[in-house]
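1. The sequence and its predicted three-dimensional model are supplied below.
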Amino acid sequence: MKLSQEVWQKGWWDGYATEVAGAFVDYVWLESRAAWIRAFDNTLLLGLFQTQEYARAVITAAEFGAERQQIERWVELRMTRQEILRGDDPPRLSAIIDEAVLHREVGGRECQMGQLRHLIECAARPNIEIRVLPFSAGAHASPTGAFRILAMRNPYPEVAYAETPKGAIYVESPDAESFVLTYDNLRKLALGPEDSAELISAIAKEMR
């Protein structure tokens, strides 16, 4: 009940409400209140990690019919979302990234190199943990793709989020537990934070 009451309170994202799907406005609201965000990505990097150039390339490719001005508004929204990581009480962010994401040259080689360098800087923050799921891990627990788990402070429930071709889905506790188990299994296969940072650096050097 408290969750449903608060969702109607205004926030900085209201300025974009008419430009994105309603389901994504809900996600931004959850993201802004999360104490701990767990994410798995196997195609593109999490929006909270993206540089402006990378985000522009991603959005342009996905929204190929959109006008340039609209694309820039969406890029602005993505950059503004990242402010939660720079606040006085930033959320804990744990990310597992498939190695394939690191090799995908989004926006070209220069753009991808800049993005990888930025990712290394993100990994150095005390509230952020980045682990790479290496190719050597083989088959894994999430063949269907990316998802997020957003844990909020009491009394709010833990919420899992995943995008599908038919739109986004939200799963609340206790049903979100299956996402948690999937994340934990992926984490067991992933490299540790230090080895992950070394691999990201090595891939960035190979792109020079």
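-> Sure thing, it's come through.

2. Can you pull the phi/psi pair for Asp41?
-> With angles defined as degrees, to the nearest 10, Asp41 sits at phi -130, psi 140.

3. Return the set of residues that bridge with it.
-> Beta bridges link Asp41 to Ile97, judged by DSSP bridges.

4. And it, how close does it get to Pro165?
-> The gap separating Asp41 from Pro165 is 17 Å, by Cβ to Cβ, to the nearest Å. In short, each C-beta sits where N, CA and C put it, glycine included.

5. cool, and Ser94?
-> 27 Å.

6. higher neighbour count, the two?
-> Ser94 (19 against 4; other Cβ atoms under 10 Å).

7. The more buried one: helix or strand, and which one exactly?
-> Following DSSP states H and E, the helix or strand that holds Ser94 is strand 92-98.

8. what mean pLDDT does that strand have?
-> In this model, strand 92-98 carries a mean pLDDT of 98.

9. Setting the sequence-adjacent residues aside, check what's closest to the residue most central in space within the chain.
-> Nearest to the geometric centre of the chain sits Leu46, at 2.5 Å (Cα atoms, centre = their mean). Of all residues beyond its chain neighbours, the one nearest Leu46 is Ala39 (5.0 Å), with distances taken as Cβ to Cβ, 6 or more residues apart in numbering.

10. after the lowest-mean-pLDDT helix or strand in the chain, next one along is what?
-> Within the chain, confidence by mean pLDDT, DSSP states H and E is lowest for helix 2-6 among all helices and strands, at a mean of 57. Of the helices and strands lying after helix 2-6 in sequence (DSSP H and E), the nearest is helix 22-33.

11. Pull out the buried residues from stretch 111-130.
-> Applying a neighbour-count criterion of 16 or more other Cβ atoms under 10 Å, the buried positions in stretch 111-130 are 111-116, 118-119, 122-123, 128-130.

12. Give me the residues contacting it.
-> With contact meaning Cβ atoms under 8 Å, 6 or more residues apart in numbering, stretch 111-130 is reached by 45, 49-51, 53-54, 57, 85, 90-95, 97, 102, 104-107, 193, 196-197, 200-201, 203-204, 207-208.
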